[in-house]
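Participant: Sequence first, predicted model second:
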Amino acid sequence: MPKYLYRASSAPHLEECPKFRPKPFDESDDTKRGTEIHNLTWECLLGNDVSGDPDCEEITESAEWVLSFTAEHAPGADIYCERKGPCSKCGTVPTPRTNTLEDGRTVHVWGDECDKCGTHLPGYSVVTDPNTFEPVTGGTTDVYAVGEKRVVVIDLKSGFDFNVEGHYHRPQTVTYGLAIMEQYGKTEALIAERYVLPKQKRYYMVTLEEARNEVFGLVAKVRDPNARARRCNYCGYCADILACPAVDTRQKVLSECFDQADDIDTRTLREPETIEDPEEMSAALTFSTVTMTAYIKRLLEVQKNVKVAALAMHDSGKEIPHFKKKTRRGSRVITDSQAAVEYATNAGVGAEDIAALAKVPLGKLQDMLYSAMKPNDSAVTKKSIQEMVDEDLGDIIVRQSDSAWMERG
Ligand code: SF4
């Protein structure tokens with residue numbers, strides 16, 4: 001596997017923050033389903049039946065679009081899907097599966113693993129530094145075809161949360177375009193992003209020179225020894241978030257917690273006032289009240305355990321760098337509140353101050369009265385106790401400010 005400076009799939013993230021590092025594994029349900037959709041599209045292009053899949057209509061349409069788009073812009077050219085380079089372990093050049101179409105073109109589809117030793121294969125689209133001849137970036141281009149004049153590059157996206165304004169894949173796709181142009185000696189690339197489920201697409205044309213400027217502009221930013229981390233929309237996907245100086249603690253905790261939020265857009269959780277759809281608000285509220293509460297409890301538990309272990313280590317005679325043991329004497333409390341009230345009253349403290357001194361939970365007092373009076377008077381009810389207390393102690397009962405919240409039910 002070439003040792004890239006960065007993978008092409010990280011290019012959009014690096015455009016926002018030159019210190020971005022992808023998390024090693026993304027095993028979310030969306031990612032798994034995205035891989036399935038890609039694989040089913042290849043099956044379709046190979047002429048195999050995908051009708052058993054719930055999204056077969058969108059997948060079939062997407063595959064047909066790949067055929068017509070490449071036929072229009074690279075007439076007669078073969079179609080290469082997920083082309084892989086030679087195995088980095090045994091050097092075997094992988095053999096694709098193929099399907100020859102009625103119009104004479106052949107579709108080639110590569111697998112992920114080496115036929116001989118099973119090693120994960122590197123992508124074929126590699127961009128090399130013209131000065132050092134080292135690979136700097138690259139990956140696996142979903143689809144390409146090489147026409148007389150230009151190369152056609154297609155990047156398939158499943159498009160679960162399609163938002164054409166919110167998706168910025170150009171730095172990734174231009175990298176593939178540059179790699180394929182250089183590989184085949186072409187000077188123009190027509191690049192298309194195809195969003196399978198929403199059946200959407202977007203295109204742009206890029207020349208060899210423009211692609212080199214864009215890709216090597218980013219390479220320079222990433223190589224810059226003075227580059228600094230810049231908080232961005234991708235922090236939640238960054239492997240360095242917990243140690244990043246550009247991100248505050250609250251975001252770090254949220255990011256960890258958001259890793260568990262598979263089915264909601266975590267960006268809206270950061271800006272809940274932008275949610276307009278009640279269904280989406282319900283999902284956000286469920287996440288905030290159930291998942292986050294459980295997560296906070298877990299965090300507090302971790303915090304408590306570390307504090308207890310650190311205190312025990314200190315007390316066993318070991319110094320803990322940057323920390324000192326602090327002690328606070330326990331507060332002294334009076335156990336007989338009646339005696340305290342009488343004492344203060346006799347000393348001239350006013351009734352209002354006395355009430356503040358002796359805040360009694362009303363519900364608890366009513367429960368106590370009920371338990372004391374009920375055995376002697378069967379007519380006593382919780383309601384009669386409440387009325388009695390209101391009448392006798394109305395002057396000293398104060399209602400605290402009301403509060404309101406949303407509860408699941
Ligand atoms: S967590 Fe830090 S390094 Fe990672 S993307 Fe955000 S700002 Fe950049």
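Facilitator: Sure, I can see it.

Participant: pull the CA atoms of stretch 389-407 into PDB?
Facilitator: C-alpha atoms of stretch 389-407 as PDB (Å, rounded to 0.1, in the frame of the first residue of the first chain):
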ATOM      1  CA  VAL A 389     -51.400  22.400  55.600                       C
ATOM      2  CA  ASP A 390     -52.400  25.100  53.000                       C
ATOM      3  CA  GLU A 391     -54.800  26.700  55.500                       C
ATOM      4  CA  ASP A 392     -52.500  26.500  58.600                       C
ATOM      5  CA  LEU A 393     -49.200  27.300  56.900                       C
ATOM      6  CA  GLY A 394     -50.300  29.300  53.900                       C
ATOM      7  CA  ASP A 395     -48.400  32.400  55.100                       C
ATOM      8  CA  ILE A 396     -45.000  30.700  55.100                       C
ATOM      9  CA  ILE A 397     -45.400  28.600  51.900                       C
ATOM     10  CA  VAL A 398     -43.600  30.100  49.000                       C
ATOM     11  CA  ARG A 399     -43.800  28.700  45.400                       C
ATOM     12  CA  GLN A 400     -40.400  28.700  43.600                       C
ATOM     13  CA  SER A 401     -40.200  29.800  40.000                       C
ATOM     14  CA  ASP A 402     -41.900  27.500  37.500                       C
ATOM     15  CA  SER A 403     -39.800  25.500  35.000                       C
ATOM     16  CA  ALA A 404     -40.800  23.700  31.800                       C
ATOM     17  CA  TRP A 405     -39.200  20.900  29.700                       C
ATOM     18  CA  MET A 406     -40.100  18.300  27.200                       C
ATOM     19  CA  GLU A 407     -40.600  14.800  28.400                       C
END
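
Participant: Please list the residues outside that stretch that contact it.
Facilitator: Outside stretch 389-407, the residues within contact range by C-beta atoms under 8 Å, 6 or more residues apart in numbering are 285, 289, 351, 355, 362, 365-366, 369. Glycine gets a C-beta too; all of them are placed from N, C-alpha and C.

Participant: In strands, which of those residues fall?
Facilitator: Among the contacts of stretch 389-407, none falls in strands (DSSP state E).

Participant: Now do the contacts for residue 198.
Facilitator: By C-beta under 8 Å, 6+ apart, residue 198 lies in contact with 159, 162.

Participant: ditto for the one 10 residues further on
Facilitator: For residue 208, the residues meeting the contact criterion (C-beta under 8 Å, 6+ apart) are 178, 181-182, 186-189.

Participant: can you do 6 Å?
Facilitator: 181, 187 (C-beta atoms under 6 Å, 6 or more residues apart in numbering).

Participant: And the pLDDT for it?
Facilitator: Residue 208 is assigned a pLDDT of 97 by the prediction.

Participant: again with the one 3 residues further on
Facilitator: Confidence per residue is given as pLDDT, and for residue 211 that number is 97.

Participant: Setting aside sequence neighbours, what's the nearest residue to it?
Facilitator: Nearest non-adjacent residue to residue 211, counting by C-beta to C-beta, 6 or more residues apart in numbering: residue 178, 3.9 Å away.

Participant: and the spatially closest residue to residue 83 that is not a sequence neighbour, backbone torsions?
Facilitator: Closest residue to residue 83 apart from its sequence neighbours, by C-beta to C-beta, 6+ apart: residue 124 at 4.0 Å. Backbone torsions of residue 124, given as degrees, to the nearest 10, read phi -90, psi -20.

Participant: Next: the one 3 residues further on.
Facilitator: For residue 127, the backbone dihedrals are phi -100, psi 130 (criterion: degrees, to the nearest 10).

Participant: rewinding a little: report the buried members of the contacts of stretch 389-407.
Facilitator: Buried members of those, scored by 16 or more other C-beta atoms under 10 Å, are 285, 366, 369.

Participant: The ligand: which of those is nearest?
Facilitator: Set against the ligand, the nearest of the buried ones among the contacts of stretch 389-407 by C-beta to the nearest ligand atom is residue 285 (26.7 Å).

Participant: Please name the nearest non-neighbouring residue to residue 103.
Facilitator: Among residues not flanking residue 103 along the chain, residue 71 sits closest, at 6.8 Å (C-beta to C-beta, 6+ apart).

Participant: check which helix or strand covers residue 331.
Facilitator: Per DSSP states H and E: residue 331 is located in neither a helix nor a strand.

Participant: before we move on, the earlier item: just say helix, strand or coil for the residue nearest to residue 103.
Facilitator: In three-state terms, and counting by DSSP: H, G, I helix; E, B strand; the rest coil, residue 71 is helix.

Participant: tell me which parts of the stretch 151-300 of the chain are close to the ligand?
Facilitator: Counting by C-beta under 6 Å from any ligand atom, the stretch 151-300 of the chain comes close to the ligand at 229-232, 234-235, 238, 240-241, 244, 246-247.

Participant: can you pull the pLDDT of the residue in the stretch 301-409 of the chain that the ligand sits nearest to?
Facilitator: The nearest approach of the stretch 301-409 of the chain to the ligand comes at residue 302, 21.0 Å away (C-beta to the nearest ligand atom). For residue 302, the model assigns a pLDDT of 73.

Participant: So what's the residue count around it?
Facilitator: Residue 302: 10 surrounding residues under other C-beta atoms under 10 Å.

Participant: ok, back up a step: I'd say the residue nearest to residue 83 and residue 81 touch.
Facilitator: No - look at residue 124 against residue 81 with C-beta atoms under 6 Å: they stay out of range, at 10.9 Å.

Participant: Alright, calling it a day.
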